[in-house]
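K.L.:
just need the structure, nothing else, for what follows:
(2 chains)
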Amino acid sequence: MRSAVQFALAREDVRVDVIEVSHYPLLARQYAVMAVPKVVISDVLAFEGALPPPEFARALVEAARRSVQPGGEG
Amino acid sequence: MPWLREPDREALRQRLSALPRDVVLHVFTRDDRLILPGRDPAPLVRETVQLMEELAALTPRLRVEVHDLDRDRDAAARLGIERAPAIAPVADDGSPEGWDPGIRFYGLPQGYEFANFLEAVEGVARGAADLDPQAAQLLADLPAPVHLRVFVTPT
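P.N.:
Numbers count the residues shown, from 1 in each chain, chains lettered A, B, ... in the order given. The predicted structure is shown next:
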């Protein structure tokens, strides 16, 4: 997905794996991929389909917040 | 049989000749005859290497380094690779390690993902993102590093 790659290019603290589902069926099952694109952020937040860049960025901020606060909503 | 068709080659040659910096495509392979339970087999590793070599043949700006995931553990650890096939584009910025923005493609980038892959390589060569300004502003406050996994299909 385009935004994800651009986020990684923009920020040293963002890394991205683009995973071809048909080549990695076990990994896709592990992450419960039912539809593509599916985005999983730091194992704490996930969404399916494309989001506009600002909403995608908000999801990253939320996931980062949850990942440092394990007692939070995540 | 080549992956890239002749008309596409010419368009790609022109596009890739505009890369402002050299990019190394680190391609990780694995013996695809080895099937282990609980682990995805390594399909299309040869095809992935072939496609990357065909791209690199179009421009002196691109170079392919092939690593065997099970034998070249140092490279795999340095680039954080745990599966094959995988591609890690790293720009030559004059430093020994190069500039690695942490973008990994797992699997053969085909169809729509090939366009995404090319755009990523161009971004790595450029060393800068083409980012929506509002998104950039939001990410300026990122409270912790994040790891995105984006699951895709070729079409």
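K.L.:
residues in contact with the lowest-mean-pLDDT helix or strand in chain A: which ones?
P.N.:
Least confident element among the helices and strands of chain A, by mean pLDDT, DSSP states H and E: helix A:25-30 (a mean of 93). Residues outside helix A:25-30 that contact it (Cβ atoms under 8 Å, 6 or more residues apart in numbering or on different chains): A:19, A:21, B:38, B:39, B:40, B:83, B:151. Quick note: C-beta positions are derived from backbone N, CA and C, even for glycine.
K.L.:
format these as a markdown table; extra columns: distance to residue B:59 and pLDDT.
P.N.:
Putting the contacts of helix A:25-30 into a markdown table (distance: Cβ to Cβ, whole Å; pLDDT from 0 to 100) gives the following:
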| residue | distance to residue B:59 | pLDDT |
| --- | --- | --- |
| A:19 | 27 | 96 |
| A:21 | 30 | 94 |
| B:38 | 40 | 73 |
| B:39 | 35 | 70 |
| B:40 | 32 | 70 |
| B:83 | 28 | 92 |
| B:151 | 30 | 97 |
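K.L.:
just the CA atoms of the longest helix belonging to chain A, as PDB, please.
P.N.:
Secondary structure of chain A per DSSP state H: the longest helix is helix A:53-68. The C-alpha trace of helix A:53-68 is given here as PDB (Å, rounded to 0.1, in the frame of the first residue of the first chain):
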ATOM      1  CA  PRO A  53      -3.300   9.100   4.500                       C
ATOM      2  CA  PRO A  54      -4.300  11.300   7.500                       C
ATOM      3  CA  GLU A  55      -6.600   8.600   8.900                       C
ATOM      4  CA  PHE A  56      -3.900   6.000   8.300                       C
ATOM      5  CA  ALA A  57      -1.400   8.300  10.100                       C
ATOM      6  CA  ARG A  58      -3.800   8.600  13.100                       C
ATOM      7  CA  ALA A  59      -4.000   4.800  13.300                       C
ATOM      8  CA  LEU A  60      -0.200   4.700  13.500                       C
ATOM      9  CA  VAL A  61      -0.200   7.200  16.300                       C
ATOM     10  CA  GLU A  62      -2.900   5.300  18.100                       C
ATOM     11  CA  ALA A  63      -1.100   2.000  17.700                       C
ATOM     12  CA  ALA A  64       2.200   3.500  18.900                       C
ATOM     13  CA  ARG A  65       0.300   4.900  22.000                       C
ATOM     14  CA  ARG A  66      -1.200   1.500  22.700                       C
ATOM     15  CA  SER A  67       2.100  -0.300  22.300                       C
ATOM     16  CA  VAL A  68       3.700   1.800  25.000                       C
END
